[in-house]
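**Q** Give me the fold of what follows.
(one chain, ligands or ions: 1)
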Amino acid sequence: MSDSTTSIPEKTDVVIIGAGIAGIATAWYLNQAGVNVVVCEKGIIAGEQSSRNWGWIRQQGRDEAELPIVMESMRLWQEISDQLDSDIGYRREGSLYLYENDAEVARHDDFYAMAPQYGLETSRIDRKQLESLIVDCPARWTSALHTPDDGRAEPGLAVPAMARTCESRGVTILQNCAVEQISLANGRVDGVSTERGLIKCPAVLCSAGAWSTFLLKACGIRLPQLTVKASVARTAKAPLIFDGNASGSQIAFRRRHDGGYNVAATDSLEIMPSIHHLRFLPDFLPLIRSSLGKLKLRFPELQVDSNYTRHRVLNPIPSRATVKRIRARLSDRLPMFRDIELVESWAGMIDALPDVVPVLDKADSIDGLWIATGFSGHGFGIGPAAGKIMASLIQNNSVGYDLSRFRLSRFSDGSRLILGPSI
Ligand SMILES: Cc1cc2nc3c(=O)[nH]c(=O)nc-3n(C[C@H](O)[C@H](O)[C@H](O)COP(=O)(O)OP(=O)(O)OC[C@H]3O[C@@H](n4cnc5c(N)ncnc54)[C@H](O)[C@@H]3O)c2cc1C
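**A** Reported below is the predicted structural model:
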């Protein structure tokens with residue numbers, strides 16, 4: 001991998017801003033098509049959301065427009081992981097929504113009705129069937145929604161391994177290389193200005209996660225985007241009770257490749273609008289209203305703005321109250337883990353858009369500027385397919401999906417925003 005002393009290329013075909021799953025997956029497919037790519041990363045590969053997430057690769061519960069894309073992503077995850085130099089823990093052990101009552105069951109009625117239309121196997125299972133999936137299943141869970149084909153992978157391993165393979169195939173990845181500005185001439189992209197100099201190129205992909213809104217603002221583009229802090233913990237090695245992903249109204253857990261579990265509280269997200277984000281709050285009112293009790297407004301502890309080198313890696317402190325809640329709920333919901341230690345906790349800043357689905361589009365006002373951002377809490381799973389889509393769009397190839405739900409102009413053309421299922 002390059003370091004800050006590596007010289008930067010003077011020009012390339014495409015510059016990708018951000019070495020998260022969106023940027024690296026796009027680089028993967030552009031490289032496969034023979035396009036020259038440089039990825040600029042202000043910090044380290046997958047330093048932000050892409051290494052901090054729960055590691056669920058799930059089709060279950062997805063927005064209808066995302067569903068066919070994430071279904072393709074499952075196949076791509078397998079294809080990609082077969083080509084990597086190490087095991088990233090990609091397994092398809094299924095996902096469960098665990099239900100305690102009928103009201104919880106009803107929350108997924110729409111998805112349950114939709115899944116078969118896309119050929120996705122998803123079934124409602126009763127207590128007896130649940131007992132055959134979860135060892136010593138606690139009595140409070142009376143039924144579940146089961147998507148047996150859903151997957152998981154280790155976020156800390158996946159994108160770095162993809163990046164190594166990309167580099168071995170000729171992609172240049174510059175770490176500690178913040179893009180300060182997308183450079184424009186005559187209404188089109190002509191390069192990027194980085195902290196280490198200018199790189200000329202006719203196409204740029206903005207896949208800068210929580211920072212995208214600021215890069216785009218400098219180009220005259222309004223992207224209403226907020227940062228939402230999510231805290232997670234992991235257990236020490238623990239008995240195998242379920243090998244996939246499971247979430248109930250209070251707790252979510254996911255078996256890790258190292259024999260522990262990632263655990264989170266399903267109702268504890270913190271919106272952290274900086275002074276620059278305040279102007280977007282009206283765009284987010286429907287989401288905030290629909291998630292009352294789950295989303296809390298908090299004073300920002302970190303400044304996310306157009307100073308891209310202040311936080312090389314956005315590393316928020318996990319909320320102490322949330323980690324305490326995770327501990328209490330783990331003991332309460334999964335009593336067999338009462339004595340299992342939480343050995344680590346961390347947090348990540350989700351880059352949310354008002355309707356919690358991403359932008360996968362070009363900027364209409366600027367030729368050569370492409371955008372893949374705002375994955376709103378579920379970009380890891382869909383990442384490979386999103387990257388493949390962006391690589392096709394950048395090459396002016398057709399993609400075979402209806403991407404109208406992901407257009408940038410939905411935030412400015414007066415459309416009524418339709419909220420996706422959840423953050
Ligand atoms: C706690 C948590 C749990 C989650 N759980 C799941 C899950 O289970 N399943 C799932 O599918 N998704 C999950 N997500 C969401 C998922 O992690 C994200 O949607 C996804 O990783 C977004 O990828 P990205 O590449 O768009 O952004 P990021 O991974 O945030 O990458 C953006 C990169 O751009 C870089 N960058 C920014 N500005 C610049 C600049 N000016 N110059 C150069 N580089 C720049 C940043 O440093 C960063 O590395 C979760 C997220 C969090 C935080």
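**Q** Can you give me the end-to-end span of stretch 109-125?
**A** One end of stretch 109-125 to the other measures 14 Å (C-alpha to C-alpha, to the nearest Å).
**Q** ok, now stretch 39-53?
**A** Stretch 39-53: ends 21 Å apart by C-alpha to C-alpha.
**Q** What are the buried residues along that stretch?
**A** If you call a residue buried by 16 or more other C-beta atoms under 10 Å, then stretch 39-53 has these buried ones: 39-53. The way it works is simple: take the backbone N, C-alpha and C, and place the C-beta from them, glycine included.
**Q** Select from those every entry located in helices.
**A** Residues of those located in helices (DSSP state H): 49, 50, 51, 52.
**Q** Correct me if wrong: residue 95 contacts residue 54.
**A** No: here residue 95 does not reach residue 54: they are 11.0 Å apart, not a contact under C-beta atoms under 8 Å.
**Q** joint contacts of the two?
**A** Common neighbours of residue 95 and residue 54, counting by C-beta atoms under 8 Å, 6 or more residues apart in numbering, are residue 245.
**Q** Tell me the residues of the stretch 101-250 of the chain that contact the ligand?
**A** The interface of the stretch 101-250 of the chain toward the ligand, taken as C-beta under 6 Å from any ligand atom, is made up of 178, 179, 207, 208, 209, 211, 215, 230, 232.
**Q** Go again with 5 Å.
**A** Listed as neighbours of the ligand in the stretch 101-250 of the chain under the rule C-beta under 5 Å from any ligand atom: 178, 179, 208, 209, 211, 230, 232.
**Q** now do the stretch 301-423 of the chain
**A** So far as C-beta under 5 Å from any ligand atom goes, the stretch 301-423 of the chain lies against the ligand at 308, 348, 350, 375, 377, 378, 379, 380, 381.
**Q** Distance-wise, check residue 53 relative to residue 84.
**A** Using C-beta to C-beta, to the nearest Å, residue 53 is found at 18 Å from residue 84.
**Q** ok, now residue 65?
**A** 29 Å.
**Q** next one: residue 256
**A** Residue 256 is 18 Å from residue 84, where distance means C-beta to C-beta.
**Q** Also residue 216?
**A** 32 Å.
**Q** Those two: which is more packed in?
**A** Neighbour totals were compared for residue 216 and residue 84, and residue 216 leads with 23 against 16 (other C-beta atoms under 10 Å).
**Q** Can you classify the more buried one by secondary structure?
**A** Using DSSP: H, G, I helix; E, B strand; the rest coil, the structure places residue 216 in helix.
**Q** Show the residue spans covered by the helices in the stretch 201-350 of the chain.
**A** 212-217, 281-290, 320-333 (DSSP state H, counting those that start in this stretch).
**Q** Please compare residue 95 and residue 54 by neighbour count and tell me which comes out ahead.
**A** Higher neighbour count among residue 95 and residue 54: residue 95, with 27 against 23, using other C-beta under 10 Å.
**Q** contacting residues for that one?
**A** 56, 58, 59, 60, 146, 147, 150, 244, 245, 246, 247.
**Q** if we go to 10 Å?
**A** 56-61, 122, 144-152, 244-247, 252, 254 (C-beta atoms under 10 Å, 6 or more residues apart in numbering).
**Q** Mind checking which of those land in strands?
**A** Those of these mapping onto strands are 56-57, 144-147, 151-152, 245-247, 252, 254, per DSSP state E.
**Q** Now that we have those residues, which of them are buried?
**A** 56-57, 144-147, 151-152, 245-247, 252, 254.
**Q** now, the most widely separated pair of those?
**A** 57 and 144 (18.5 Å; C-beta to C-beta).
**Q** Spatially nearest residue to the residue of the stretch 151-300 of the chain found nearest the ligand, not counting backbone neighbours?
**A** Here the residue of the stretch 151-300 of the chain nearest the ligand is residue 209; by C-beta to the nearest ligand atom that distance is 2.6 Å. Excluding the flanking residues, the one nearest residue 209 by C-beta to C-beta, 6 or more residues apart in numbering is residue 351, at 4.9 Å.
**Q** what's the burial count for that neighbour?
**A** Per other C-beta under 10 Å, the neighbour tally for residue 351 reads 28.
**Q** and the helix or strand bottoming out on mean pLDDT in the chain, which residues are buried?
**A** The weakest-scoring helix or strand in the chain, judged by mean pLDDT, DSSP states H and E, is strand 295-297 (a mean of 89). Across strand 295-297, burial judged by 16+ other C-beta under 10 Å covers 295, 296.
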